[in-house]
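K.L.:
Next comes the sequence, and after it the predicted model I'd like to discuss.
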Amino acid sequence: MSATQRVLVIGGSGRTGQLVIDELLARGHEVTALVRNPGALEARAGFKTVTGTPLKKEDVRSAFTTSNPEVVVVTLSAPRAADSPFAAVVSPPRLMADSNANVVAVMKDFNTHKIVIMQAFGVAESWPNLHWVMRLLMKKSNMIYQYDDHNLVTKEVKASGETYVFVRPTRLEPGETKVYKEWANDGKGVPMMGACTRAAAAKLMVDAVENRTWDNTAPVITS
């Protein structure tokens, strides 16, 4: 196990975010989560919550003041009107871009130099490697708005100069397996129906917290 680190999680009340918190705590890290509803998360040793939203810089600053994090993990996803990935997005169009912009701005004030962000296969450089059927589906559905937001995050976080890891799992699905397969060349060769468990994505994100293997890269994974 690596040395204990102080980790701030943004988006910790989501399905993957909760798994990230579980994995961090299981490995002995000190975890703080910035969430709108702290009551939705179980109180545990080594875990604190701060009430707020990453869309407000003052809330982000409050979370940093509480935790003084060494690493930030972001697992935000755009809320939808229903569980279907094709349902209408009910969040601001720059939810992730603005949230991450607030985080990296405050990171500089606190000398926090690393951020690990969950995205998706097909974002930025990996788009050409997404199967053409899936690219067409994205373009013709509400899902493209979330990809546009992720693309803005990629551009703006890279420009910040902070050390980043963009974790890009294929289609997320439930499951307990934590074994992941990393695909080189921005996901070249990933099958059309490639999938990744949320547990595997959470494991890679915590692995990226603990070591520098993926610094300034964007691993594409299946499980």
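P.N.:
Looks like it arrived, so ask away. Quantities reported herein were computed from a predicted structural model and do not represent experimental measurements. Numbering: from 1, shown residues only.
K.L.:
contacts and neighbour counts: CA atoms only from here.
P.N.:
OK.
K.L.:
Now residue 217: closest residue in space that isn't a chain neighbour?
P.N.:
Leaving aside its sequence neighbours, residue 217 sits nearest to residue 165 (Cα to Cα, 6 or more residues apart in numbering; 5.5 Å).
K.L.:
Wait, residue 12 touches residue 22, no?
P.N.:
No - Residue 12 is beyond contact range of residue 22, at 10.0 Å (criterion: Cα atoms under 8 Å).
K.L.:
who has more neighbours, those two?
P.N.:
residue 12 (27 against 17; other Cα atoms under 10 Å).
K.L.:
residues in contact with the more buried one?
P.N.:
18, 20, 21, 33, 34, 35, 74, 75, 76 (Cα atoms under 8 Å, 6 or more residues apart in numbering).
K.L.:
of those residues, buried ones?
P.N.:
With burial judged by 16 or more other Cα atoms under 10 Å, the buried subset of the contacts of residue 12 is 18, 20, 21, 33, 34, 35, 74, 75, 76.
K.L.:
hang on, the first one in a helix?
P.N.:
Yes - when classified by DSSP: H, G, I helix; E, B strand; the rest coil, residue 18 is found to be part of a helix.
K.L.:
So, low pLDDT: which residues of the chain?
P.N.:
For the chain, applying pLDDT under 70 flags the ranges 1-2, 78-91.
K.L.:
do you know how far the most centrally placed residue in it is from residue 214?
P.N.:
Closest to where the C-alpha atoms of the chain average out (Cα atoms, centre = their mean) is residue 118, at 2.4 Å. Counting by Cα to Cα, to the nearest Å, the gap from residue 118 to residue 214 is 13 Å.
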